[in-house]
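In: Prediction below, plus the sequence it came from.
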Amino acid sequence: MAKELMKGNEALAEAAIRAGCRFYSGYPITPQTEILEYLSWRMDEVGGTFVQTESELAGINMLLGAAAAGARALTSSAGPGFSLNQEGISYLVAADLPAVIIDVMRIGTGLGDIAQGQGDYWQLTRGGGHGDYRTIVLAPASVQENCDMMETAFDLAEKYRHPVLIASDAAIGQMAEGVNLPELREHNIDSFDWAVRGCRHGDAPRKIQNTYYTRPDYVEYLRDKYAAMDSEQRWESYMADDADVVLVAYGISSRVAKEAVNEARAEGFRLGLIRPITLWPFPNRAFEECKNAKAYMTVEINILGQMADDVRLAVRDTRPVDFYGTFFGLPESDVIVEKAKAMLEKEGK
Amino acid sequence: MKLKAPECVFSSAGFCPGCGHGLASRLVGETAEELNIVEKLVTVVDVACCSFNIDYWNFDTIMAAHGRDIPTAVGVKHVRPGCPVLAYMGDGAAYSIGMAETIHAALRNDPVTVIVINNSVFGMTGGQMAPTTLPGERTATSPKGKDPARYGTLSGVELLKGMDIAYLARAELVGVGGMAKAKRYIKKALEHQLNGDGFSLVELLSPCPTNLNLPPVKAKQFVHEEMTKYFPLGEFIDKGGDK
Amino acid sequence: MSKVKLNIARCKGCGYCVDECPKQAISFTGRISEKGYDTIQVDDEKCIACGSCYRVCPDSVFEILV
């Protein structure tokens, strides 16, 4: 099949449709608004539901109702709007409901700015809402991965009865690339016995609420669930096994980091890259193959180096971990190489 | 005339003595049985006192986040259009934290039925001042009485009167007459949903003896004599009906 | 035969039925129930099985049999 040229956000939307998603509720915010715009007409074509809600709060809670009724349900937002989604994400987790939420990240704090950024790593990976939870977070690095990850996201959400987050960013969302789209599939809303539909006489009514009230094994159940989710670590390793310095980057910055690896290798400097595809669970196992690493450096578009602590934990502080970050602009490959060399100089010999 | 509590409502044990929730719950059960929708109805209850119903009703039920019951119900309705969906919430949920959700569901004429239990206070948290608290009414956060110069008294029904929705009514859960009207309004609201007419909302003025610090019979009198001054009773919108 | 059947274990003693009964057929017993409430009794002689008590009871204590 011929490739189609698609914008990242539109690819996410079309891939959701093809993964059987027939319900979307959300609110406009840059840089993810194309997802709403696309689904506002596309849902009609496939007989699904699109609702532009009055806020992200209404969007996420309407999604909760749709998920509770058995649909593959999606919402999307960015930065400040994603913060408003957190109330509902925490409730989705509490009630064991599958759903997919996209955060097309922007830069900065508060309103921040609509520019490309990776400002929400902590909010995405720490369970950004109230309470005691985490969620699987998938981080696509290309428009093709936007397509490929949507079905994975819904499958994982249903496997664990848990919301799954997609961490995209303004750059991936706004760029256009050639993609192979997945096949169109339908989802049966009666796939799950727990989904509300009306209670037949004599049956026990279905209750969608905090599982704390319904599961005597609540604590063990959750511990087991999170332990099982830890097995979903996904990553791409690029010349990391023999590298002296290993870069760690996801999403759009991983593409620049990969370029930096190629440039460094061309001049004989053994640079490598670990690209987390799941931000949570963080791909700790990826670091086992970095036998030669003297130092690690994350490459991120934020000020505080939000991912660096996860790398420190992954390598158990056995090697120094540094951070190269940019604000308003992508990292640059030659700066990455230069900083990696300086790190090796300082730490390495 | 033989009268027996509906089978689909099997307890009211968690509500305080004299609480209107027990009355409203029973009316929902009675109307569901009379409309023959017990096996199809999906209910969404708010986290506060309303949430006890999740264990009292024999309906598939979702306990929604505080004030987000209406969008949650709308989500269910879109996925399962064959199911009547009922959101059951208090005045704090409907007119304070969830006011945007209430108004916009009405604006979209979303085809769900909403029951609002208005008792003039936040009940579950211990009787704090609500937008529905009457001027001068003493609550846990207005110990000298609600100062009308600083805090108004909001009638959600008045706000919704101008909207293009299927049904809007208010009754009091007081006395035989009040109960009869409350039941008729709930039934009509659900019938409008079954007919595909759109959004319906019934507000029920309800005694909360515990938080009004009154014996139940006095709390009932407060609803009937004081609350109705600010919250007039009746049917206000009845699309295609006799109004 | 009794006109009203009581599920007295459900009674929380709110007194709505006592207040609403048109024949003053319902009164408090003064006996404290297992839940700790002063519960009610119905005088079958006075009762006309009108159903007022059923309608105003928040706890579904009453069943009208005739």
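Out: The structure has been received and is ready for your questions.

In: Skipping its backbone neighbours, what lies nearest residue A:299 in space?
Out: By the measure of Cβ to Cβ, 6 or more residues apart in numbering or on different chains, the closest residue to residue A:299 outside its immediate chain neighbours is residue A:249, 4.0 Å from it. To be clear about C-beta, it is placed using only N, CA and C from the backbone, and glycine gets the same treatment.

In: I figured that neighbour was touching residue A:301, is that so?
Out: No. Counting by Cβ atoms under 8 Å, no contact exists between residue A:249 and residue A:301, whose distance comes to 9.6 Å.

In: Can you check which residues contact both of the two?
Out: When contacts are counted by Cβ atoms under 8 Å, 6 or more residues apart in numbering or on different chains, residue A:249 and residue A:301 have residue A:331 as shared neighbours.

In: for residue B:11, what are its contacts?
Out: Residue B:11 makes contact with B:55-56 under the criterion Cβ under 8 Å, 6+ apart.

In: For it, give its distance to residue B:69.
Out: Spatial separation of residue B:11 from residue B:69 under the definition Cβ to Cβ, to the nearest Å is 21 Å.

In: Look at the residue in chain B that chain C sits nearest to and say how many residues are nearby.
Out: Residue of chain B nearest chain C, by Cβ to the nearest Cβ: residue B:22 (3.1 Å). Other residues within reach of residue B:22 by the criterion other Cβ atoms under 10 Å in any protein chain shown amount to 29.

In: Is it correct that it is in contact with residue B:12?
Out: Yes. Using Cβ under 8 Å, residue B:22 is in contact with residue B:12, at 3.7 Å.

In: Now for these two: what residues contact both?
Out: Taking Cβ under 8 Å, 6+ apart as the contact rule, the neighbours common to residue B:22 and residue B:12 are C:58-60.

In: The lengthiest strand in chain C near chain B at all?
Out: Across chain C, the strand with the greatest residue count (assigned by DSSP state E) is strand C:26-32. No. Applying Cβ under 8 Å from any Cβ of the partner chain, one finds strand C:26-32 out of contact with chain B, separated by at least 11.8 Å.

In: ok now the helix or strand immediately after that strand in the chain, how far from the chain's centre?
Out: Tracing the chain past strand C:26-32, the next element assigned as helix or strand by DSSP states H and E is strand C:38-42. Its chain's C-alpha centre and that of strand C:38-42 lie 6 Å apart, by Cα atoms, centre = their mean, to the nearest Å.

In: tilt between strand C:38-42 and strand C:26-32?
Out: Our comparison of strand C:38-42 with strand C:26-32, counting by axes from the mean of the first three to the mean of the last three Cα atoms, to 10 degrees, yields an angle of 140 degrees.

In: Tell me the first helix or strand C-terminal of strand C:38-42.
Out: Following strand C:38-42 in sequence order, the next helix or strand is helix C:52-56 (DSSP H and E).

In: and that following helix, average pLDDT?
Out: What helix C:52-56 shows for mean pLDDT is 98.

In: next one: stretch A:59-69
Out: Throughout stretch A:59-69, pLDDT has a mean value of 98.

In: Quick check: residue A:280 touching residue A:133?
Out: No. If you go by Cβ under 8 Å, residue A:280 and residue A:133 don't touch, sitting 10.6 Å apart.

In: Tell me which of these two has more neighbours.
Out: Neighbours were counted for residue A:280 and for residue A:133 using other Cβ under 10 Å; residue A:280 has more, 24 against 19.

In: Number of residues surrounding the residue nearest to that one when sequence neighbours are not counted?
Out: Across the structure, with Cβ to Cβ, 6+ apart as the measure, the residue nearest residue A:280 apart from its sequence neighbours is residue A:125 (4.3 Å). Counted with other Cβ under 10 Å, the neighbours of residue A:125 add up to 24.

In: same thing with the one 4 residues further on?
Out: Neighbour count for residue A:129, taken as other Cβ under 10 Å: 20.

In: before we move on, what SS does the residue in chain C positioned nearest to chain B have?
Out: Per Cβ to the nearest Cβ, residue C:58 is where chain C lies closest to chain B, at 3.1 Å. The three-state assignment at residue C:58 reads coil, by DSSP: H, G, I helix; E, B strand; the rest coil.

In: How about it: what's its closest non-neighbour residue?
Out: residue B:22 (3.1 Å).

In: How about residue B:68?
Out: residue A:61 (3.6 Å).

In: Can you list phi and psi of that neighbour for me?
Out: With angles defined as degrees, to the nearest 10, residue A:61 shows backbone torsions of phi -80, psi -30.

In: Okay, it and residue B:43: tell me how far apart.
Out: Between residue A:61 and residue B:43 the computed distance is 15 Å (Cβ to Cβ).

In: Which one of the two is surrounded by more residues?
Out: The residue with more neighbours, out of residue A:61 and residue B:43, is residue A:61; 33 against 28, by other Cβ under 10 Å.

In: helix/strand/coil for the closest residue to chain B within the stretch 1-150 of chain A?
Out: Minimum separation of the stretch 1-150 of chain A from chain B (Cβ to the nearest Cβ) falls at residue A:65, amounting to 2.5 Å. Secondary structure assignment for residue A:65 (three-state DSSP): helix.

In: hang on, it packs against residue B:80?
Out: No. Applying Cβ under 8 Å as the test, residue A:65 and residue B:80 come out as separate, 9.6 Å apart.

In: The two: which has the busier surroundings?
Out: The residue with the greater number of neighbours, taking residue A:65 and residue B:80 and applying other Cβ under 10 Å, is residue A:65; the counts read 35 against 24.

In: Not counting sequence-adjacent ones, nearest residue to the more buried one?
Out: Ranked by Cβ to Cβ, 6+ apart and with sequence neighbours excluded, the top spatial neighbour of residue A:65 is residue B:75, at 2.5 Å.

In: What is the burial count for the residue of chain C found nearest chain A?
Out: With Cβ to the nearest Cβ as the measure, residue C:60 is the residue of chain C nearest to chain A, at 18.0 Å. Under the neighbour criterion other Cβ under 10 Å, residue C:60 is assigned a count of 22.

In: This completes my enquiry, with thanks.
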